[in-house]
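Visitor: Provided below are the primary sequence and the corresponding predicted coordinates.
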2 protein chains.
Amino acid sequence: MIPKTHPRYRSLITRERLADYTKKGIVSLEGLTSHGRGEAFDYLLGEETSASALEAEKLAAAMILSASYPVISVNGNTAALAAKEIASLQQACGAKAEVNLFHRTDDRIKAITDLLTDAGVILIKGPVDRYIPLEHDRGLCHHDGIYSADVILVPLEDGDRAEALVSLGKKVIAIDLNPLSRTARTATLPVIDELTRALPNITRFCKTLNKNECQDMISKINSPGFIRDAIECIKGKLSDVLD
Amino acid sequence: MIPKTHPRYRSLITRERLADYTKKGIVSLEGLTSHGRGEAFDYLLGEETSASALEAEKLAAAMILSASYPVISVNGNTAALAAKEIASLQQACGAKAEVNLFHRTDDRIKAITDLLTDAGVILIKGPVDRYIPLEHDRGLCHHDGIYSADVILVPLEDGDRAEALVSLGKKVIAIDLNPLSRTARTATLPVIDELTRALPNITRFCKTLNKNECQDMISKINSPGFIRDAIECIKGKLSDVLD
């Protein structure tokens, strides 16, 4: 039990929640380590949405609203941290959603599907096939999901998959706290923010943006600019510590 | 199974090893997240021992060699990552070693004790008592271990425990990749480096330092300087990315 007096109580409670989801088979053991990696970058970013990240979240909404076939790819950590936020986004934008796992087993697919369905997410069901050019089960996806998508939102994704999706001609929106990651560098649009802050912002923009303006907005996306902004933000926070 | 073609193969293999140790009850689920947090800082530090960290490792050896009763405190992650390195350090410096856990159960204590003993670490055995001013089981330690120590090496430690040990008048050497952590800021000497790089360096200095010089060396320890150096190192790496 974590004492409430602990200065990092909130972060430790989230860790504990993820640990519980690991026991339920939703989060993989490797996923816990990935979460810690993200936690460090969030800490360095000041645990808040920067003005630059908010701009990226607006553009993410514009990309989703302009898409012919937008799909949200959900992995174990995303389901554990933000099942409700995914449901709200799906309601606001009408995107399809599918479960995609690095460490894929039938049991995990079922546990994650149940969690997301209970939270109100409507998932693509049925068989998957190796449509993504990746080794092992990581290449599996749905024909009427990622395979058919023009715009894919991939929260907390592995760099390999982000690269593979881009190589298939997909427009990829990544949500990733590490501005140096291959995922962030490869994505059409990197949203460098924490998942449970980023998703409600994207949902809000999906509800309020004027669809006619979206095409013009997304023609001006400068993804290296968002990476540069996040790196400058971290450098600024580090300099504050030194003062 | 992680494909060898993955660009972060080594880091993923370490994660997999820690995941295996979790299944064996040695690493806690929360410990996996902590590892990820450290991983991010190591990545930002360039995954190498800086000149400043090497200097800290030399001073760590000087502190241990000058101590009347040095003790190494070992937790689950330290045992999983560096059991052999702890054994080599103990052989070189003659320090006592004891197991101290944030998430303490008899089964974990036994599993970690077995792992360390098999690797050649000689552990303090017998009963523990609440000698450290901390809530719950985190206050437990051995009378002829941490309680009696003047210098304690705490790799990968929680800030609470580092603070509590300092409040007891102990000299604390922390090994921690996060230069902003309370652990690093509280320690008498923060070694801001990755565990399996830091420990062999400290061991080597324990074998080669002239004991007569140690007292003079440690009188000049500037712990905020090591934190500043690490932060500047990260800022430099981030600037390189922007160039």
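Guide: Arrived safely, thanks for sending.

Visitor: Find the nearest non-adjacent residue to A:A62, please.
Guide: A:C214 (3.9 Å; CB to CB, 6 or more residues apart in numbering or on different chains). The way it works is simple: take the backbone N, C-alpha and C, and place the C-beta from them, glycine included.

Visitor: How confident was the prediction at the residue of chain A found nearest chain B?
Guide: The minimum distance from chain A to chain B, using CB to the nearest CB, falls at A:G36 (2.4 Å). Looking at A:G36, its pLDDT stands at 94.

Visitor: picking up where we left off before, what's the helix or strand harbouring the residue nearest to A:A62 in contact with?
Guide: Under the criterion of DSSP states H and E, A:C214 resides in helix A:211-218. With contact meaning CB atoms under 8 Å, 6 or more residues apart in numbering or on different chains, helix A:211-218 is reached by A:K58, A:L59, A:A61, A:A62, A:M63, A:L65, A:S66.

Visitor: where does chain A dip in pLDDT?
Guide: A:1-2, A:7 (pLDDT under 70).

Visitor: what is the orientation angle of whichever helix or strand comes after the helix holding A:C214 with helix B:223-242?
Guide: Toward the C-terminus, helix A:211-218 is succeeded by helix A:223-242 as the next helix or strand (DSSP H and E). Angle, helix A:223-242 to helix B:223-242, by axes from the mean of the first three to the mean of the last three CA atoms, to 10 degrees: 170 degrees.

Visitor: Tell me the buried residues in helix A:223-242?
Guide: Within helix A:223-242, the residues that count as buried by 16 or more other CB atoms under 10 Å in any protein chain shown are A:S223, A:F226, A:I227, A:D229, A:A230, A:I231, A:E232, A:C233, A:I234, A:K235, A:L238.

Visitor: Would you mind trimming those residues to those in range of chain B?
Guide: Filtering those for neighbours of chain B using CB under 8 Å from any CB of the partner chain leaves A:I231, A:E232, A:I234, A:K235, A:L238.

Visitor: now these as CSV including distance to A:D160?
Guide: Compiled in CSV, those are given as follows (distance: CB to CB, whole Å):
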residue, distance to A:D160
A:I231, 23
A:E232, 27
A:I234, 24
A:K235, 28
A:L238, 30
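
Visitor: just the CA coordinates of stretch A:68-84, formatted as CSV?
Guide: Output of stretch A:68-84 as CSV, limited to C-alpha atoms (Å, rounded to 0.1, in the frame of the first residue of the first chain):
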residue,chain,number,x,y,z
SER,A,68,-12.2,9.0,-45.4
TYR,A,69,-11.5,6.1,-43.2
PRO,A,70,-10.0,7.0,-39.8
VAL,A,71,-9.0,4.2,-37.4
ILE,A,72,-7.8,4.2,-33.8
SER,A,73,-5.3,1.5,-33.0
VAL,A,74,-5.5,0.4,-29.3
ASN,A,75,-2.8,-1.5,-27.4
GLY,A,76,-2.8,-2.8,-23.8
ASN,A,77,-1.4,0.3,-22.2
THR,A,78,-3.8,2.5,-24.0
ALA,A,79,-6.8,0.4,-23.0
ALA,A,80,-5.6,0.3,-19.4
LEU,A,81,-5.0,4.0,-19.1
ALA,A,82,-7.7,5.5,-21.3
ALA,A,83,-10.6,3.2,-22.3
LYS,A,84,-13.2,5.8,-21.6
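
Visitor: touching chain B at all, it?
Guide: No - counting by CB under 8 Å from any CB, chain B is not contacted by stretch A:68-84; separation bottoms out at 10.9 Å.

Visitor: Tell me which residues touch A:C233, please.
Guide: Taking CB under 8 Å, 6+ apart as the test, what A:C233 contacts is A:L45, A:G46, A:S50, A:S52.

Visitor: Next, give me the two most distant ones among those residues.
Guide: A:G46 and A:S52 (12.5 Å; CB to CB).

Visitor: Give me the more crowded residue out of those two.
Guide: Counted by other CB atoms under 10 Å in any protein chain shown, A:G46 and A:S52 do not tie: A:S52 has more neighbours, with 19 against 13.

Visitor: if I look at the more buried one, how far off is A:L44?
Guide: If you measure A:S52 against A:L44 using CB to CB, to the nearest Å, the figure is 15 Å.

Visitor: show me the contacts for the residue most central in space within chain A.
Guide: Centroid-nearest residue in chain A, with CA atoms, centre = their mean: A:P155, separated by 1.2 Å. A:P155 makes contacts with A:I72, A:S73, A:V74, A:N75, A:T78, A:A82, A:A174, A:I175, A:D176, A:L195, A:A198, A:L199, as judged by CB under 8 Å, 6+ apart.

Visitor: Nearest spatial neighbour of it, chain-adjacent residues omitted?
Guide: Counting by CB to CB, 6+ apart, the residue nearest A:P155 is A:I175, at 4.1 Å.

Visitor: how close does that neighbour sit to A:I221?
Guide: Counting by CB to CB - A:I175 and A:I221 are separated by 15 Å.

Visitor: out of these two, which sits in the more crowded spot?
Guide: Set A:I175 next to A:I221 and count neighbours by other CB under 10 Å: A:I175 wins out with 30 against 19.

Visitor: Quick check on the more buried one: phi, psi?
Guide: For A:I175, the backbone dihedrals (degrees, to the nearest 10) come out as phi -110, psi 110.

Visitor: Which stretches in chain A count as strands?
Guide: Along chain A, counting by DSSP state E, strands occupy A:70-74, A:96-99, A:129-130, A:140-141, A:151-155, A:171-175, A:189-191.

Visitor: Strand A:151-155 and the first one, what's the angle between them?
Guide: Angle, strand A:70-74 to strand A:151-155, by the same axes, to 10 degrees: 20 degrees.

Visitor: other SSEs contacting strand A:70-74?
Guide: helix A:76-93, strand A:96-99, strand A:151-155 (3 or more CB pairs under 8 Å, 6 or more residues apart in numbering or on different chains; DSSP states H and E).

Visitor: same question, the last one
Guide: Based on contacts counted as 3+ CB pairs under 8 Å, 6+ apart, the elements that strand A:189-191 packs against are helix A:51-66, strand A:171-175, helix A:223-242.

Visitor: Tell me how far the residue lying closest to A:G46 once chain neighbours are set aside lies from A:E48.
Guide: Once flanking residues are discounted, A:G46 sits nearest to A:K237: 5.4 Å by CB to CB, 6+ apart. Counting by CB to CB, the separation of A:K237 from A:E48 is 10 Å.

Visitor: circling back: tell me the angle the helix holding A:C214 makes with strand A:171-175.
Guide: Going by the same axes, to 10 degrees, helix A:211-218 makes 80 degrees with strand A:171-175.

Visitor: Next, the buried residues of helix A:211-218.
Guide: A:C214, A:M217, A:I218.

Visitor: what bridges to the residue nearest to A:A97 when sequence neighbours are not counted?
Guide: Distances taken as CB to CB, 6+ apart put A:I72 closest to A:A97, at 4.4 Å, once the chain neighbours are dropped. For A:I72, the beta-bridge partners are A:A97, A:L153 (DSSP bridges).

Visitor: check contacts around A:I72.
Guide: A:I86, A:L89, A:Q90, A:A95, A:K96, A:A97, A:E98, A:I152, A:L153, A:P155.
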